[in-house]
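K.L.:
Turn this into a structure:
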Amino acid sequence: MTAHSPIAPVADAIIFPDDARALFAAAYPDQSTKLHHGLIGHGLLTLDALATLAERMPAASVEYNLGKLPLGVRPEDTPSNGLTLGETIRTIDTNGSWAVLKNVERDPAYAALLDAALAELAPIVADRTGPMLHREAFIFLSSPGSVTPFHMDPEHNILLQIMGIKTMTVFPARDQHLVPAQKSEDFHGGGHRNLVWQDGFKAHGKAVRLEPGDAIHVPVKAPHFVENGPTVSVSLSVTWRSERSVAEGELHSFNALLRKRGLPVGTVTARPEAQGIRRLIYRIMRKLGA
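P.N.:
Alright, predicted model coming up:
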C-alpha cells in the first residue's frame, strides 16, 4: 500500500479515558465489557477518507457483500452486491451492504492511529497476557439494517463505534455448546469464522447497544453477531494477539492432529500458555511434518 493517505495527525488527546481503562482492566482478558473512546470526528474515519483508502488496498484486504443476511449464513452462500468497493462505501447509506477493510495499519496514518490507541492499554495487557503481538486494525462499514452473522475471531479485540448505531450480541468464550471443540480445531486450521446458529443460543448472549463514542472489548473467540441500526455504521476494530491466544491456537491444532490419527485429545485450559509440554510436542510434530 502506498503512503499517499490523507494523513491526519493523531492528536495527543486520550483515546481511552481513565474510566474506560479501569473497566477494561477489570474485564481483560476473559470478559466482554462496554467502554468509551475519543475518536469521534477523526479525519481518517470519514466515509470519503475510507473510500479513498479502500480503492488503493489490495483485493485480499477487502471484503464486501450484501448486508441483510441470516445470522447463520454459510460463507459460500453470501451474496455479492454487484458494486465496486469504492461505490459500496460512497453509497453505503442506500445500497444495503457491509464491508470490511482489513489490516489498514499497513497505511502509515492508520498505523499511527492504531499505535496511539493500543499504547494506552498496553500496560494492562502486558500485566495479564504479556506483550501485545501482531497488532492489526480493521474498519467495518454497514448499511442500515445490515447483519454480521454469528462468528468468532482469533484476536483480542476492541471495537470502537465511530458513526451510527449497532447492537453487538456477545456470548461467552470457551463454551463448547456454542463452539464445539472440533469447530475450534477446524478454525485454527484455516476454517471459516462463521458459526452454526441455533435459535436457542440467543438467551446465552448479552446484547450491547453501541453509539458513536462507545466501544466494546470482545475476548478471543467469544462468539458474537452484529445488527446495524437505521443509519450507516462505521466501526474501527483494534486487535492484538498474545502468548495466550497463540498458545490456544497451537493446542487446538495439536488436538486436530491427534483426532485425525484416532488418538485421545487434550483439554485446552483457561491458561493455555501454561501448557508448555503439549505445545512443545505440537511444535516438534510440525517440524517433522507429522
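
K.L.:
The closest residue in space to residue 36 that isn't next to it in sequence - how many residues pack around it?
P.N.:
Leaving aside its sequence neighbours, residue 36 sits nearest to residue 20 (CB to CB, 6 or more residues apart in numbering; 5.0 Å). For the C-beta atoms, the positions are set from N, CA and C on the backbone; glycine is no exception. By other CB atoms under 10 Å, 23 other residues sit near residue 20.

K.L.:
what does residue 112 give?
P.N.:
16.

K.L.:
Would you map the helices across the stretch 51-200 of the chain?
P.N.:
Along the stretch 51-200 of the chain, counting by DSSP state H, counting those that start in this stretch, helices occupy 85-90, 108-119, 122-129, 181-188.

K.L.:
Tell me which of those lies nearest to residue 238.
P.N.:
helix 108-119 (5.0 Å; CB to CB).

K.L.:
Can you spell out which helices and strands pack onto that closest one?
P.N.:
Packed against helix 108-119, as judged by 3 or more CB pairs under 8 Å, 6 or more residues apart in numbering; DSSP states H and E, are the following elements: strand 133-142, strand 233-241.

K.L.:
sorry, back to before: and the residue nearest to residue 36, what is it in contact with?
P.N.:
Residues counted as contacts of residue 20 (CB atoms under 8 Å, 6 or more residues apart in numbering) are 35-37, 215.

K.L.:
closest to residue 127 among these?
P.N.:
Checking those one by one against residue 127 (CB to CB), the nearest turns out to be residue 35, at 17.7 Å.

K.L.:
so which helix or strand takes in the closest one?
P.N.:
strand 33-36 (DSSP states H and E).

K.L.:
In its sheet, which strands sit next to that strand, and in what direction?
P.N.:
strand 214-218 (antiparallel) (DSSP bridges).

K.L.:
relative to strand 233-241, how tilted is the partner strand?
P.N.:
Taking axes from the mean of the first three to the mean of the last three CA atoms, to 10 degrees, one finds strand 214-218 and strand 233-241 inclined to each other by 40 degrees.

K.L.:
helix or strand right after strand 214-218?
P.N.:
Past strand 214-218, the next helix or strand by DSSP H and E is strand 224-228.
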